[in-house]
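J.: My questions are about this predicted structure, shown below with the sequence.
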Amino acid sequence: MADAAPLVLVADDVAANAELLRDQLESLGYRTVIASDGTAALSLTFAERPDLCILDVAMPAGELGCDDRATGYEVCRRIKRDPRTKHIPVIFVTALNDTSDRVRAIEAGGDDFLTKPHSRLVLGARVRSLLKLKGAADALEDALRVQGEMAKSRDDLMKMIVHDLKTPLSSVLATLEMVVDGDFGAINDEQRQALGEAEERAEDLLARIENLLEVTRVEQSAMTLNPEPIAPAAFLAEIVFDWQHRLQQEGASAETDVTDDAPVFCADRALLRRVFDNLLQNALSHSSLGVSVRLRARRDGESILFTVADNGPGIPKEYHELIFRKFEQVRAQVRASTAPKTRSSGLGLTFCRLAVEAHRGRIWVQSEEGQGAAFHVRLPGETDEKRKAKTKGEGGKEG
């Protein structure tokens, strides 16, 4: 019954002691079950799942294979070791009163310790306290389980939606491309420009869908890296070159700044490119027209430190961690407009964090509201010594 009184297991090989505890507990409103040795105590615990166990320390071990003088400790260890019973509170009640006995009780996983003779009121207070703690722990575990089930349902729904979106969007992109190419007849410059912008927005949407899929794969540890040596100056120059058309449309600008000592590093080029594309997209989407973006790279010890900085609206300090979390968004006011824009990860910055961490790196932001934002990406780099050692090793093999 759901409203039944809590069940307490009492394990004591002295019948008089067990009966005394039974009478005291039942007078306090609890139900009881009695065991007279270690084997019975453990069997009843697994069978009855009591709300609390009261164990004597010294009693026959039965089939437990331990010293009779330490049976209670062994029973407690096995209760706490089993996932089915580990949350059941255990009180030791014994005539032993040495400090070492208390230490052994704690080491075995005991939650409380009473010496004989004990007061019924003290026993009642200890039992009530531990049952309240158990109730709170059970409620928290149930809440976490429900939260986990809800998160799984949301992720399953997200996967289904993403799959259903990707196929028709791919068809839309293919059709737009055919129209722009003139496969359905000639179009004028104004129509071509409008269709080109629609195609770019559709590409952005497809990239967001890919982020959704990639975030799911990373969270499920399904991402496979294909690292290759990358020269930072050429890598950043390639990114800025590919973004030139979008930058011109937005009235924005981007420049690179790579120090001479910035090391060659190994990374998955395609994955890292998407990280920087997301950071650029973030800067352009959440800033007023005319934003300036600067992509920097420099040596940082044995690592390489990239920075993507903009002079946009900035991000309040309290949101610096929040924006990298899944589905979190931060409202920010753009100085050049009274309309609020959303400066957020959506999933873009979440993907950036997961991809960078997959490379054993770190990403973080430095920003203050109204003073722009600088996103930093630190990745392991190949030092000169490592490159020389690798070159020497390869040369030795060839020789």
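T.: Structure received. Residues are numbered from 1 along each chain as shown.
J.: helices and strands of the protein: which one bottoms out on pLDDT?
T.: When each helix and strand of the chain is scored by mean pLDDT, DSSP states H and E, strand 340-344 comes last, with a mean of 40.
J.: Next secondary structure after it?
T.: Proceeding N to C from strand 340-344, the next assigned helix or strand is helix 348-358, under DSSP states H and E.
J.: what's the following helix or strand after that next one?
T.: Later in the chain than helix 348-358, the nearest helix or strand by DSSP H and E is strand 362-367.
J.: Who are the packing partners of whichever helix or strand comes after that next one?
T.: For strand 362-367, the following helix or strand on the C-terminal side (DSSP H and E) is strand 373-380. Here strand 373-380 touches strand 265-268, helix 269-285, strand 303-310, helix 348-358, strand 362-367, going by 3 or more Cβ pairs under 8 Å, 6 or more residues apart in numbering; DSSP states H and E. To be clear about C-beta, it is placed using only N, CA and C from the backbone, and glycine gets the same treatment.
J.: got the angle for strand 373-380 vs helix 348-358?
T.: Here strand 373-380 runs at 20 degrees with respect to helix 348-358, directions being taken by axes from the mean of the first three to the mean of the last three Cα atoms, to 10 degrees.
J.: what separates strand 373-380 from the chain centre, distance-wise?
T.: Mean C-alpha position of strand 373-380 versus that of the full chain (Cα atoms, centre = their mean, to the nearest Å) differs by 20 Å.
J.: what is the mean pLDDT for that strand?
T.: Per-residue pLDDT over strand 373-380 has a mean of 94.
J.: Now do the buried residues in it.
T.: For strand 373-380, the buried set under the neighbour-count rule, 16 or more other Cβ atoms under 10 Å, comprises 373, 374, 375, 376, 377, 378, 379, 380.
J.: hmm, who's touching it?
T.: Strand 373-380 is contacted from outside by 265-267, 272, 275, 279, 282-283, 300, 302-310, 312, 314-315, 343, 352, 356, 359-367, using Cβ atoms under 8 Å, 6 or more residues apart in numbering.
J.: Buried subset of the residues you listed, written for PyMOL?
T.: Filtering the contacts of strand 373-380 down to the buried ones (16+ other Cβ under 10 Å) takes a single PyMOL command:
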select buried, resi 265+266+267+272+275+279+282+283+303+304+305+306+307+308+309+310+312+314+315+343+352+356+359+361+363+365+366+367
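J.: Identify whichever of the helices and strands packed on strand 373-380 lies nearest to residue 255.
T.: Closest to residue 255 of those is strand 303-310 (Cβ to Cβ; 10.5 Å).
J.: What is the closest one packed up against?
T.: Counting by 3+ Cβ pairs under 8 Å, 6+ apart, strand 303-310 packs on helix 232-242, helix 269-285, strand 292-300, strand 373-380.
J.: quick one, the shortest one and helix 232-242 angle?
T.: Between the direction of strand 373-380 and that of helix 232-242, the angle (the same axes, to 10 degrees) works out to 140 degrees.
J.: gap between residue 30 and residue 148?
T.: Distance, residue 30 to residue 148, using Cβ to Cβ, to the nearest Å: 32 Å.
J.: same question, residue 63
T.: Distance check for residue 63 against residue 148: by Cβ to Cβ, it reads 37 Å.
J.: chain center to stretch 10-29, what's the gap?
T.: Centre-to-centre, stretch 10-29 and its host chain are 47 Å apart (Cα atoms, centre = their mean).
J.: before we move on, what about stretch 177-186?
T.: Centroid separation for stretch 177-186 versus its chain: 46 Å, with Cα atoms, centre = their mean.
J.: Ends of that stretch, what's the gap?
T.: Separation of the first and last residues of stretch 177-186 by Cα to Cα, to the nearest Å is 13 Å.
J.: Would you mark the buried spots in that stretch?
T.: Within stretch 177-186, the residues that count as buried by 16+ other Cβ under 10 Å are 179, 180.
J.: Stretch 74-88 too?
T.: Within stretch 74-88, the residues scored as buried using 16+ other Cβ under 10 Å are 74, 75, 76, 77, 78, 79, 80, 85, 88.
J.: so residue 132 is in which element?
T.: Using DSSP H and E, residue 132 sits within helix 120-180.
J.: wait, I meant residue 17
T.: Per DSSP H and E: residue 17 is located in helix 15-27.
J.: Average pLDDT for that helix, rounded please.
T.: 91.
J.: How about stretch 193-202?
T.: For stretch 193-202, the per-residue pLDDT averages 82.
J.: so how far is that stretch off the chain centroid?
T.: With Cα atoms, centre = their mean as the basis, stretch 193-202 stands 37 Å off its chain's centre.
J.: pretty sure residue 371 is touching residue 314, no?
T.: Yes. Using Cβ atoms under 8 Å, residue 371 is in contact with residue 314, at 4.9 Å.
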